[in-house]
Structure formats: structure tokens, C-alpha cells
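Q: A structural model of the following input is requested.
(chains A and B)
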Amino acid sequence: MGGLARRVSYSNLFSEKMKGLPSLLVDGGNYLTDERGYHGEVRPDVAVKDEWILNAYEKYGVDVANLSSHELRYAARLLKTGSEPSSIVRRLVSANIVSESKEFSAPPPFLVRELTLRNGGKLKVAIIGLTEAQPAPPRGFRIEDPAKVAASVAQTAKKTADVVVALARIKQSDARRVAELAPAIDVMLVAGADSVAESFTPPQVAGRTQIYFSSFETRMLGELRFYRQSGGGFGTRARYISLDDVVPDDRAALDFANAAKAAEEQTRSATKDLLEDWLSKSRSDAVKTQTSHGFTGSAACAGCHQGQYVKWSSGPHAHATDRLVQKVFEFEVGCLSCHASNRDPKQMLQSIQGIDCERCHGPGAEHASKPATGYGRIVDVKSNCLSCHTADTSPRFDLQSAMTTVKH
Amino acid sequence: MNKLKLTVVLVGLLLCSLMMRPTVGVAGQESRRQFELVGISMPFADRAGSDDGAEFAIHFMGDTHGSLDTCG
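A: Reported below is the predicted structural model:
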């Protein structure tokens, strides 16, 4: 069911049959992959997948897409201030995602699309974006109550357009509350289906607002036709078109979807290869015994500091690489800055496995050749530890209790 | 058994008629009907329906969960 290729096929059929009828294609939200890496970041393969989806939205004419909390972690990189918004960013809308940082610009609360009607007249449709607050937004954003925001934004939108439509990625059970607080919304299109059991939810009416729910994973494409009424305003007719196997695949769209899948697989494969390549190199004598930049290797420390060496070698720092092996598809070179020890930041793939002695205590070759007191004292323990144990990577990290574990 | 089948059919027809009732539309005007489900054994070429004088249309979707693929 569903899928880009069938949707495009139906859109082509619609355009062919309804010659000249203006139409908009909108998405209510939750269209990107929200799978997170171990530290909550967007995984490399997920980033590629999401990029292809947004490219599909541009190529296949999505006019407006609601930026929901599910998209925000990936989309944040597209919302950085200072750069010219891309074509896809200009299609994003959100009334209740707010930027809390100068680093980001949130999308506009609504967009107005002007349609040229068959009789040559013009008609403006304002499209508002609303989202639930979960999943929690990334740093730099906050999400306000969609119902409260909708009330004021819809009134503003009403002044600029003939019809006000709200795209809302909220729980289906919350839709009525939003509509009741924002009567200026003519139509709410709600994406809030959390399972296949919610493939079809009948429309509702709240006051003067019509509420329509999109089908889970677009098993059915929603179609809302608007008819001008003699007394002013519009009447509507809602149709849900099943995208089952009777609907042929649009060849070009199918090729596009397959290329997206191949790119995602390729990224996973490249990520896995990169990790395996580094693991292999890091086990080689050439890397293990490298002594460039004044380093000498942990084995040299063991000669005098046996007790400390034993404690370190059985502790979490010596085994910091172990977790990378379990997260094959999340691996990026950047992981090595905290899960390995490098001699040269420009040569990260020459890093040694684990956080070794010199990663915290500094290069020790000179000390090893002329042992003396004074070497290795960490001046600023807090900064040293927190450079890796950040709020994002180690949200439960407590410096004092951690020190009791690793102090030697 | 036949009575049961008849009851199911009648209940189905009743539900359909309820679904087809006119409702309040945009700007307080009457909609033609609340909704219709198009497909399930209908030929593809018929699914767009007839050109019935609509002024414009909005196609909407959501919750595709990061997939461009056809599911099933």
C-alpha cells in the first residue's frame, strides 16, 4: 500500500482527468525517519534517507509540508541562519516550533499559496503548521502548545487568505481541542495515525472547522475538493483514494524510490567498512606502537605505574572502543575523538583503540625517558572530562561519582 | 444464518447512509457529503472520479515514517 510511485501515478491520473483544476499537495508531518543514534544524533544512513525524502518532495511537487517534532532533529541542519533557505525549506511551515537560538531560524507559522482558478480568478489558501511537543526538540528549539498558538495564528492567516487550512501532527484525540480553540481554521488535516489500526479515521466537525485525518503511512491518499457555494464560502467533498496494488507504479518515481534505498544501503555499507577499516588498522603494530608527537603508548607507563595501569586497563576508558563495534551503522570518524586516542587530530583514522593514558595525561615520551615528578597532573579535571562527557553524550554523567570509579 | 446476513447488510447500509449525510462545510455552507472511500476493486482509471465542478482540491498525506516505498 501507499508509496511514492503509486501516489505519483494517482496524481498524474487526477491531473489528466481534471484538466486545469488547481490543486495542492500537502503533508501533515512525520515524513522523515526519526531513528536516533546512541547519543540522540541523526545516524549517517538516516540523514541520507531523509535527504532523499525531501528531494522527492521537491521533485514531486509537495507544496507545503508541516515541520513536526518528528522532523526537527534532521531539519535543524537546514534551518541554520545565514544561509539562503533551500527550495524545500521554503515549503516547510510551523506555527509552534520556536527557535531559541540565533543559530536557527524556525519556519514561518503559515504559508499562503495562490491558486489560479479555471475561470482565471485567483484564490489564496493559507496553510498553518502545528505539531505535538514530543519527541522533544533538539537544543535551540522549543515547541509551544499547538492549540494556544493556533488560535492567534489562524486569525492572522484568515486576514490574508480565502481559506485557512491547518496541517497538524498531533494525536487524533487532540484535534477537536485545537479546532475549538481556533475557529478561524476552516479545515484541519491531521496526521496522527500511530498504527495501521488507524489507517482510516472518519472525519469530524468541531464548530465550523472540518477535521480530516490522513491515513497511516498514506495507504490512502486524502483528497479534499472545494466547491464555491452560491451564498459565499465553500463546500467540500472528501475522498480517500486507496493506493493498493491496482494503482500502477509511476516508473520514474519507482526508480527514484529505488535509488533512495540504494543510497541508504550504500551509506550503511560505507559506514560499516569505515569502522572495520579503522579497527583493522588500530590493531596493527604500526598504529599501536606509533610514537609521533611526543607520545609513547600506555605500555611504557606500565613499567613504573603497574597499579594504575591495571586499574585503567580493566576500566571503561581502556574499553571505550567496545561500544563502537556494537553501533556499526552509527559510526563516523568523529566518534574516534572520544572513543579512541589520537596522536594527530588530522589523522583520526590512525587513532589507538580506547582512551589511553596519554589521552588525559598528555604526551609521555619525554617523561618515560627521564622519569620525574610533575608530569601528567591534569590541571583542569572538569574541563578534561566534560569535553567528552557532554549533556548530549552522557546525560547522566556525574563527575564526582565518575572520579571514584576511575581515579588512580 | 440468513437473518444474520440480512442484519449485517442492513446495518452496513445504515452506516453508509449516515456517512453520506451533508455536513457543515467551510464558511458554514453545506458540504456535498462527508467522505467516500475510493478503491478496493475499483479500476485505477475510475479512481479520480468525474470532473464535478470543484473549484480546487487539496491532496493530503502524513505519517509516512521516512519511507518512499510501497508497503505490501
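Q: any idea which element the spatially closest residue to A:Val42 that is not a sequence neighbour lies in?
A: By the measure of Cβ to Cβ, 6 or more residues apart in numbering or on different chains, the closest residue to A:Val42 outside its immediate chain neighbours is A:Tyr74, 5.1 Å from it. Glycine gets a C-beta too; all of them are placed from N, C-alpha and C. Assessed by DSSP states H and E, A:Tyr74 sits inside helix A:72-75.
Q: list the buried residues in that helix.
A: A:72-75 (16 or more other Cβ atoms under 10 Å in any protein chain shown).
Q: also stretch A:392-403?
A: Within stretch A:392-403, no residue qualifies as buried by neighbour count (16+ other Cβ under 10 Å).
Q: again, but for stretch A:176-193
A: By neighbour count with 16+ other Cβ under 10 Å, stretch A:176-193 contains the buried residues A:176, A:178-179, A:181-193.
Q: filter the residues you listed down to the ones near chain B?
A: Contacts with chain B within those, as defined by Cβ under 8 Å from any Cβ of the partner chain: A:186-187, A:189-193.
Q: of those residues, which belong to helices?
A: In helices, judged by DSSP state H, none of these are found.
Q: possible to save those as JSON lines with pLDDT?
A: Putting those into JSON lines (pLDDT from 0 to 100) gives the following:
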{"residue": "A:Asp186", "pLDDT": "97"}
{"residue": "A:Val187", "pLDDT": "97"}
{"residue": "A:Leu189", "pLDDT": "98"}
{"residue": "A:Val190", "pLDDT": "97"}
{"residue": "A:Ala191", "pLDDT": "96"}
{"residue": "A:Gly192", "pLDDT": "89"}
{"residue": "A:Ala193", "pLDDT": "85"}
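Q: present the residues you listed as CSV; the columns should include distance to A:Tyr10.
A: Rendered in CSV, the data for those read as follows (distance: Cβ to Cβ, whole Å):
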residue, distance to A:Tyr10
A:Asp186, 25
A:Val187, 21
A:Leu189, 17
A:Val190, 21
A:Ala191, 18
A:Gly192, 23
A:Ala193, 19
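Q: which one of those is nearest chain B?
A: For these, the residue nearest chain B by Cβ to the nearest Cβ is A:Ala191; the value is 2.4 Å.
Q: surely A:Leu92 meets A:Asp63?
A: No - with contact defined as Cβ atoms under 8 Å, A:Leu92 and A:Asp63 do not form a contacting pair (11.3 Å).
Q: tell me which of the two has more neighbours.
A: For A:Leu92 and A:Asp63, the more surrounded residue by other Cβ atoms under 10 Å in any protein chain shown is A:Leu92, and the numbers stand at 25 against 18.
Q: which other helices and strands contact the one helix or strand A:Tyr309 maps to?
A: Using DSSP H and E, A:Tyr309 sits within helix A:306-313. In terms of contacts (3 or more Cβ pairs under 8 Å, 6 or more residues apart in numbering or on different chains; DSSP states H and E), helix A:306-313 is packed against helix A:298-302.
Q: one more time with 6 Å, if that's ok
A: Counting contacts by 3 or more Cβ pairs under 6 Å, 6 or more residues apart in numbering or on different chains; DSSP states H and E, helix A:306-313 packs against no other helix or strand.
Q: what about that helix, distance to the chain center?
A: Taking Cα atoms, centre = their mean, to the nearest Å, one finds the center of helix A:306-313 at 41 Å from the center of the full chain.
Q: any residues touching the helix or strand that it is followed by, and which ones?
A: Beyond helix A:306-313 in the direction of the C-terminus, DSSP H and E gives the next helix or strand as helix A:322-326. Judged by Cβ atoms under 6 Å, 6 or more residues apart in numbering or on different chains, the contacts made with helix A:322-326 from elsewhere in the structure are A:335, A:339.
Q: could you list the buried residues of helix A:322-326?
A: A:Leu324.
Q: okay, it in CSV with CA atoms only?
A: Extracted in CSV, the C-alpha atoms of helix A:322-326 (Å, rounded to 0.1, in the frame of the first residue of the first chain):
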residue,chain,number,x,y,z
ASP,A,322,33.9,-1.6,22.5
ARG,A,323,30.7,0.3,22.1
LEU,A,324,31.6,1.5,18.6
VAL,A,325,31.7,-2.1,17.5
GLN,A,326,28.1,-2.5,18.6
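Q: next one: the helix or strand just after it to chain centre, how far?
A: If you walk from helix A:322-326 toward the C-terminus, the next helix or strand you reach (DSSP H and E) is helix A:336-339. Using Cα atoms, centre = their mean, the mean C-alpha position of helix A:336-339 is found 23 Å from that of the whole chain.
Q: ditto for stretch A:83-95
A: Averaged over its C-alpha atoms, stretch A:83-95 has a centre that lies 15 Å from its chain's centre (Cα atoms, centre = their mean).
Q: now do the end-to-end distance for it.
A: With Cα to Cα, to the nearest Å as the measure, stretch A:83-95 spans 21 Å from end to end.
Q: who's in contact with that stretch?
A: Outside stretch A:83-95, the residues touching it (Cβ under 6 Å, 6+ apart) are A:54, A:58, A:64-65, A:67, A:78, A:107, A:109-111, A:128-130, A:149, A:153.
Q: ok, of those residues, which come out buried?
A: Under a neighbour-count criterion of 16+ other Cβ under 10 Å, the subset of the contacts of stretch A:83-95 counted as buried comprises A:54, A:64-65, A:67, A:78, A:107, A:109-111, A:128-130, A:149, A:153.
Q: so which of those belong to helices?
A: Among these, the members found in helices (DSSP H) are A:54, A:149, A:153.
Q: so A:Phe329 is in contact with A:Ala270, correct?
A: No - in this structure, A:Phe329 sits apart from A:Ala270 without contact. The criterion is Cβ atoms under 6 Å, and the distance is 10.2 Å.
Q: buried stuff in stretch A:49-68?
A: Buried positions in stretch A:49-68, judged by neighbour count with 16+ other Cβ under 10 Å: A:49-57, A:60, A:62-68.
Q: what's the mean pLDDT across it?
A: What stretch A:49-68 shows for mean pLDDT is 96.
Q: what are the phi and psi angles of B:Val38?
A: Listed backbone geometry of B:Val38 is phi -110, psi 120, with angles given as degrees, to the nearest 10.
Q: what does the one 5 residues further on give?
A: The phi and psi values for B:Pro43, taken as degrees, to the nearest 10, are phi -60, psi 150.
Q: could you report the neighbour count for the closest residue in space to it that isn't next to it in sequence?
A: Distances taken as Cβ to Cβ, 6+ apart put A:Val246 closest to B:Pro43, at 7.0 Å, once the chain neighbours are dropped. Using other Cβ under 10 Å, A:Val246 has 15 neighbouring residues.
Q: want to throw the ones in helices among the buried ones among the contacts of stretch A:83-95 into a markdown table with distance to B:Gly39?
A: Output for those, formatted as a markdown table (distance: Cβ to Cβ, whole Å):
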| residue | distance to B:Gly39 |
| --- | --- |
| A:Leu54 | 28 |
| A:Val149 | 36 |
| A:Val153 | 35 |
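Q: which one of those is nearest A:Ile143?
A: Closest approach to A:Ile143 among those (Cβ to Cβ): A:Val149, at 9.5 Å.
Q: got the contact list for the closest one?
A: By Cβ under 6 Å, 6+ apart, the contact list for A:Val149 reads A:95-96.
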